[in-house]
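Q: Attaching a predicted model along with its sequence, questions to come.
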Amino acid sequence: MSQSLSMTRGMSQTKESTLSGVWLFIFIELLLFAGLFLLYGVYRYQNPVAFSLAATELSVSSGVINTIILLAGSLTMAMTTLSIRSRNKMLSLLLLMTTLFIGFMFLVNRYYEWKGRVEFGLFPGSEELAQLGHGDVLFFGLYFFMTGLHALHLLVGFVILTLATVRVNNNTLTADNPDFIDKSGTFWHLATLIWVLVFPLFYLL
Amino acid sequence: MDNQNTKLGSYKSYTFIFIGLVAITLISTGLSQLNLGYLNLLLAVSLATISAAVVLGTFMKIKFDGSFFRLLAAGVLALALLIFFVAFVG
């Protein structure tokens, strides 16, 4: 009796430490972006007019569409945590692949948005941008860096979710061990969380 | 298993949360098109913070996992909010 109790206690401690590791990582990433928000805030305070004008170069509708599709990705990811626990393998696979497709579409949109800015000469180091002024240089420097860092997170999430999909498909990830899906989902939602904070900075203000 | 599902929510609740987040995004976008002066900034940041809190509380289930780290994450969000207002107000 006491032996089984001690075994159970050990298992719950392992699960707790695994989840806390994910949250420690999330905290570090939030701290990283908090530093970038600080940078944005200071530069915006110093160049309010330039930042407001530079923001008009970005497409609000593109930003809104990106936000909505990323939120949809979080929805399908959250639903996956339910479907995996209800042992619905086909639904889990469908939701995971939908999430992957949504992530892919976001990255495609990001590519075309960057492409558009580059074609107009609005990228760090370009002569056209330098001629616009210091405020514009700062705005687009932050824009490319922050959206690029966010896209990198999304790319990593994409790889992790692909792995999760493969594992669900070959039955090594089931309702009996859903931790990997939970951790993958938490990381994916981090990308959504970061984007809902970044989106207004560059598209709405 | 049932308790876990109750903690995690349901397909319906997640769908409603998604609709709510989309609504916040659209409202925020609509308000940004109006010339409200200082309120533009305040509303955009406030609505973004609300969206972030909803994502943290529902999709990421911060209230269930890592009780210590949810305090840290909330602290980071509060710090970010403070940064915005200090930087924009001066």
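A: Perfect, thanks for sending it. Numbering: from 1, shown residues only, chains lettered A, B, ... in the order given.

Q: Going by C-alpha atoms from here, please, whenever you check contacts or count neighbours.
A: OK.

Q: Stretch A:138-152: which residues count as buried?
A: Within stretch A:138-152, the residues that count as buried by 16 or more other CA atoms under 10 Å in any protein chain shown are A:138-144, A:146-147, A:150-151.

Q: Just checking it against chain B, any contact.
A: No - using CA under 8 Å from any CA of the partner chain, stretch A:138-152 stays clear of chain B, with a minimum separation of 15.0 Å.

Q: Give me the residues contacting that stretch.
A: A:36, A:40, A:43, A:51, A:54, A:107, A:110, A:114, A:122-124, A:191, A:194-195, A:198, A:202 (CA atoms under 8 Å, 6 or more residues apart in numbering or on different chains).

Q: Quick check: the two most widely separated of the residues you listed?
A: The span of the contacts of stretch A:138-152, defined through CA to CA, is set by A:43 and A:107 at 27.0 Å.

Q: My read is that residue A:168 contacts residue A:174, right?
A: Yes - between residue A:168 and residue A:174 there is a contact under CA atoms under 8 Å: 6.4 Å.

Q: For the host helix or strand of residue A:71, buried residues please.
A: In the assignment (DSSP states H and E), residue A:71 maps to helix A:60-85. Judged by neighbour count using 16+ other CA under 10 Å, the buried positions of helix A:60-85 are A:60, A:63-64, A:66-85.

Q: and chain B, which of those reach it?
A: Checking the buried residues of helix A:60-85 against chain B by CA under 8 Å from any CA, the ones in range are A:60, A:64, A:67-68, A:71-72, A:74-75, A:78-79, A:81-82, A:85.

Q: Closest one of the residues you listed to residue B:39?
A: When these are compared against residue B:39 (criterion: CA to CA), the nearest one is residue A:60, at 18.8 Å.

Q: low-scoring stretches of chain A, by residue?
A: Within chain A, the stretches with pLDDT under 70 are A:1-20.

Q: helix/strand/coil for the residue nearest in space to the middle of it?
A: Per CA atoms, centre = their mean, the C-alpha nearest to the average position across chain A is that of residue A:191, at 1.6 Å. Following DSSP: H, G, I helix; E, B strand; the rest coil, we place residue A:191 in the helix state.

Q: Kindly report the same for residue A:174.
A: coil.

Q: Check residue B:78 too.
A: For residue B:78, the assignment made with three-state DSSP gives helix.

Q: what about it, distance to chain A?
A: Relative to chain A, residue B:78 is positioned 10 Å away (CA to the nearest CA, to the nearest Å).

Q: okay, now that residue: neighbour count?
A: By the measure other CA atoms under 10 Å in any protein chain shown, the count of residues near residue B:78 is 14.

Q: same thing with residue A:86?
A: 16.

Q: Then residue A:153?
A: Quick note: residue A:153 (other CA under 10 Å) scores 18 neighbours.

Q: With residue B:35 instead?
A: 9.

Q: Repeat that for residue A:119.
A: 10.

Q: Distance of it relative to chain B?
A: To chain B, residue A:119 is 26 Å away according to CA to the nearest CA.

Q: gap between residue A:111 and chain B?
A: 22 Å.

Q: now residue A:147
A: From residue A:147 to chain B the distance is 16 Å (CA to the nearest CA).

Q: Then residue A:204?
A: Residue A:204 sits 6 Å away from chain B, going by CA to the nearest CA.

Q: Wait, that residue touches residue B:30, no?
A: No - the criterion here is CA under 8 Å, and residue A:204 misses it with residue B:30 at 9.2 Å.

Q: Tell me which of the two has more neighbours.
A: Applying other CA under 10 Å to residue A:204 and residue B:30 shows that residue A:204 carries more neighbours, namely 24 against 11.

Q: Tell me which residues touch that one, please.
A: Per CA under 8 Å, 6+ apart, neighbours of residue A:204: A:55, A:60, B:28-29, B:32-33, B:44.

Q: Return a ChimeraX selection command for the buried portion of the residues you listed.
A: Here is the ChimeraX command that picks out the buried ones among the contacts of residue A:204, judged by 16+ other CA under 10 Å:
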select /A:55,60 /B:28,29,32,44
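
Q: so can I have CSV of the contacts of residue A:204 showing distance to residue A:178?
A: CSV is the format used below for the contacts of residue A:204 (distance: CA to CA, whole Å):
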residue, distance to residue A:178
A:55, 42
A:60, 38
B:28, 36
B:29, 37
B:32, 41
B:33, 44
B:44, 37
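
Q: By mean pLDDT, which helix or strand of chain B comes out lowest?
A: Scoring the helices and strands of chain B by mean pLDDT, DSSP states H and E places helix B:2-8 at the bottom, with a mean of 47.

Q: pull the CA atoms of the helix or strand that that one is followed by into CSV?
A: Using DSSP H and E, the next helix or strand after helix B:2-8 towards the C-terminus is helix B:11-32. Only the C-alpha atoms of helix B:11-32 are listed here, as CSV (Å, rounded to 0.1, in the frame of the first residue of the first chain):
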residue,chain,number,x,y,z
TYR,B,11,-15.6,22.3,-28.3
LYS,B,12,-18.5,24.8,-27.8
SER,B,13,-16.7,26.9,-25.2
TYR,B,14,-13.5,27.1,-27.2
THR,B,15,-15.5,28.1,-30.3
PHE,B,16,-17.2,30.9,-28.3
ILE,B,17,-13.9,32.0,-27.0
PHE,B,18,-12.5,32.2,-30.6
ILE,B,19,-15.5,34.2,-31.7
GLY,B,20,-15.0,36.6,-28.8
LEU,B,21,-11.3,37.0,-29.6
VAL,B,22,-12.2,37.7,-33.3
ALA,B,23,-14.8,40.2,-32.1
ILE,B,24,-12.2,42.0,-29.9
THR,B,25,-9.8,42.1,-32.9
LEU,B,26,-12.5,43.6,-35.2
ILE,B,27,-13.6,46.1,-32.6
SER,B,28,-10.0,47.1,-31.9
THR,B,29,-9.4,47.6,-35.6
GLY,B,30,-12.6,49.6,-36.1
LEU,B,31,-11.8,51.9,-33.2
SER,B,32,-8.3,52.5,-34.5
